[in-house]
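In: starting from these lines, generate the structure:
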Amino acid sequence: MTTLKMATICDHINKITAHSDGEITHVVIESTCPKINKWGTEFDIPLANLMDMHETIFAEKTKNGALTPTCFVPTLIANVVWLENGMISKSLVKKMSPIKIDFDEE
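Out: Numbers count the residues shown, from 1 in each chain. Modelled structure (predicted):
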């Protein structure tokens, strides 16, 4: 099981947990965002869709509730799913943590 938690610039907290059985990765989202809660908080991603989940799974889910184009949650889900399935190194994520975005004012 793999879990990532992120506080976003919209001031919401999102916690995504993924568990893979080898064929399906089950995703659970805990969020303070009402748009995410409407979009969906629990779903399965087949192994065959790991590379194109933005075009398949997420596109289908967006029909139920639109997220803003700047929402980080779909990307966070992709990272958790890839971590859970060994497509991103967990040791690299631990080494680079915390991951942050800095805004430079010029």
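In: quick check: next helix or strand after the worst-scoring helix or strand of the chain on mean pLDDT?
Out: Of the helices and strands making up the chain, the lowest-confidence element is helix 57-62, at a mean of 74, by mean pLDDT, DSSP states H and E. Using DSSP states H and E, the next helix or strand after helix 57-62 towards the C-terminus is helix 73-84.
In: counting contacts, what elements does that following helix pack onto?
Out: Contacts defined by 3 or more Cβ pairs under 8 Å, 6 or more residues apart in numbering; DSSP states H and E place helix 73-84 against strand 2-7, strand 13-20, strand 24-31. Using the backbone N, CA and C atoms, a C-beta is placed for each residue, glycine as well.
In: contacts for the second one next, please.
Out: Yep, that's strand 13-20 we're talking about. 1-8, 25-33, 36, 72-73, 76-77, 80-81, 83-85 (Cβ atoms under 8 Å, 6 or more residues apart in numbering).
In: rerun that using 7 Å as the cut-off
Out: 1-8, 25-33, 36, 73, 76-77, 80-81, 84-85 (Cβ atoms under 7 Å, 6 or more residues apart in numbering).
In: pLDDT of that strand, averaged?
Out: Strand 13-20 comes out with an average pLDDT of 94.
In: in it, what's buried?
Out: The neighbour-count check on strand 13-20 (16 or more other Cβ atoms under 10 Å) flags Asn14, Ile16, Thr17, Ala18, Ser20 as buried.
In: distance check, the second one against Ala78.
Out: Translated: Ile16. Here Ile16 is placed at a distance of 10 Å from Ala78 (Cβ to Cβ, to the nearest Å).
In: which sections of the protein are below the confidence cut-off?
Out: Low-confidence segments of the chain, defined by pLDDT under 70: 64-65.
In: just give me the residue right at the centre of it.
Out: By Cα atoms, centre = their mean, the mean C-alpha position of the chain lies nearest to Ile77, the distance being 1.4 Å.
In: surely it is in contact with Val27?
Out: Yes - if you go by Cβ atoms under 7 Å, Ile77 and Val27 touch, sitting 6.0 Å apart.
In: compare the helices and strands packed on helix 73-84 and give me the one nearest His54.
Out: strand 24-31 (13.7 Å; Cβ to Cβ).
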